[in-house]
Structure formats: structure tokens, C-alpha cells
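1. Okay, here's the prediction I keep looking at, along with the sequence it came from:
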Amino acid sequence: MNEMQLSFPARSENEVFARNAVAAFALALEPSLDELSDIKTAVSEAVTNCIVHAYRDTEGWVTIRCRAEDDRLDIEVCDEGQGIENIEKALQPFFTTQPSEERSGMGFTIMQTFMTEFAVASEAGAGTQVKMRKVLKRAEGA
């Protein structure tokens, strides 16, 4: 098993850094290019949600924890921002709290689609935690 933790300011320029850091960590599991793309996309969506929604008009931090074991990558993306009032509603495709900024409301849907497992926990005023798992498909005989 291998683990890492990364914390950085919730700024848009750090989204690429976060995505690439998790991708580099995942390389030890020898993912396919498609699996690596899925992981990068899901991390981008999770981090972007923290940047855009958690800390509206304020500053804060995003923390990513990863664990790699056997054929499995677990990723946790957390913030200590404003939290989500209604998770069930937020998980609905096309739901957005910022339609004026042309947000698609597909972030959680994309994370769910690209990862094997997905869960969200949030508390108003205390932040949000997104947990994702990607189980990698190993080539037969590899």
C-alpha cells in the first residue's frame, strides 16, 4: 500500500497541479490511458467544485488524500468551505447553484461515471468530502 496527502490553496490555477499530482501517484498502479484519463477528469471535477463552490468570495484550502493498493486507487478530496445544503439535490444531473456563471451542473455526475465508487459527505458551514475509488482492470495474464 502507498499513500499521499496534498494540500493547496483553493485557486483555479491549482486544479491542473492537483490533477497531475494524483495522476503521477496513480502511475504506480499501471493504469491504462483510459483509466488515467478517468482519474484525472474526476479529480479535476472534484477540485473545481471546491474552488468554485466551497469558498465563494473567500479563501480556503483543498486537501487530497490518495491510497494505492493492489488494483485499487482511493481518492478523497476535502474542503472546509460552506458545505452542501442538500446533497441529494446536488447529485442530480444539471443541478447548479451558479447558473449565471454557465456551470453545467454535471461535476458529480462525471465523477460518478468515471470512477468505480463515489460518495459525498457534507455539513453546512463545515465543508465537503468527496470519496472516489477506481478499480483498475488488469490485462489477463499480466
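-> Thanks, I have the structure now.

2. Tell me how far the residue positioned nearest the centre of the chain lies from residue 56.
-> Geometric centre of the chain, nearest residue: residue 46, 3.1 Å, by C-alpha atoms, centre = their mean. According to C-beta to C-beta, to the nearest Å, residue 46 and residue 56 sit 17 Å apart. All C-beta spots, glycine's among them, are computed from the backbone N, C-alpha and C.

3. again with residue 21
-> 25 Å.

4. Those two: who's more crowded?
-> Set side by side, residue 21 and residue 56 show more neighbours around residue 21, with 17 against 12, by other C-beta atoms under 10 Å.

5. what are the ranges of the helices in this protein?
-> For the chain, the helices defined by DSSP state H cover 14-26, 33-49, 87-90, 107-114.

6. ok, of these, where does mean pLDDT dip lowest?
-> The stretch with the lowest average pLDDT out of these is helix 87-90, scoring a mean of 69.
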